[in-house]
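Undergrad: structure, please.
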Amino acid sequence: MKALQVYTACIVQPICKFVYKRKEIRENLIRYLQLIDTVGARFGGWAPLKLVAFPEDFLQGFTARASIEDYKREILIMLPGEETDQLGERARKYGIQ
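TA: Numbers count the residues shown, from 1 in each chain. Below is the predicted model:
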């Protein structure tokens, strides 16, 4: 019988600052990179940390005050892009797959 792989998963439900301009995302990004550092240092000991999950819209928040055109022009991030590059780099630091 094949053994099951054991790993740690962490779900993070942060308080998100809603943004109205793309440059404001940086504050949220810095906070989430710090949270990855926290869980990476704390939860990787017993079983490898392989998953850290954040909710949808965690970088920019969601507001009904912006139209879809405003979102496209002023708020939404690109995939791949600066934010995903930094999140990926931080995940690799802790072996998060």
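Undergrad: for Ala9, helix, strand, or coil?
TA: Each residue gets one of three states, and Ala9 gets strand by DSSP: H, G, I helix; E, B strand; the rest coil.
Undergrad: pretty sure it contacts Leu51?
TA: Yes. Contact criterion CB atoms under 8 Å: Ala9 and Leu51 qualify, at 4.0 Å. Any C-beta I mention is one placed from the backbone N, CA and C, and that applies to glycine too.
Undergrad: what's the overlap in contacts for those two?
TA: Common contacts of Ala9 and Leu51 (CB atoms under 8 Å, 6 or more residues apart in numbering): none found.
Undergrad: name the next helix or strand downstream of the longest helix anywhere in the chain, please.
TA: Longest helix in the chain by number of residues (criterion: DSSP state H): helix 25-42. Using DSSP states H and E, the helix or strand that follows helix 25-42 in sequence is strand 49-53.
Undergrad: and that next one, what does it pack onto?
TA: Contact here means 3 or more CB pairs under 8 Å, 6 or more residues apart in numbering; DSSP states H and E; on that basis strand 49-53 packs against strand 8-11, helix 25-42.
Undergrad: what about stretch 41-59, average pLDDT?
TA: For stretch 41-59, mean pLDDT is 84.
Undergrad: give the buried residues for that stretch.
TA: Neighbour-count burial for stretch 41-59, with 16 or more other CB atoms under 10 Å as criterion, is recorded at 43-44, 49-50, 52, 54, 58-59.
Undergrad: name the helix or strand for Phe18, please.
TA: Phe18 belongs to no helix or strand when elements are defined using DSSP H and E.
Undergrad: and for Ile96?
TA: Counting by DSSP H and E, Ile96 is part of no helix or strand.
Undergrad: residues near it, how many?
TA: 22 (other CB atoms under 10 Å).
Undergrad: likewise for Gln5?
TA: For Gln5, using other CB under 10 Å, the count is 8.
Undergrad: for Gly95, same thing?
TA: Residues near Gly95, counting by other CB under 10 Å: 11.
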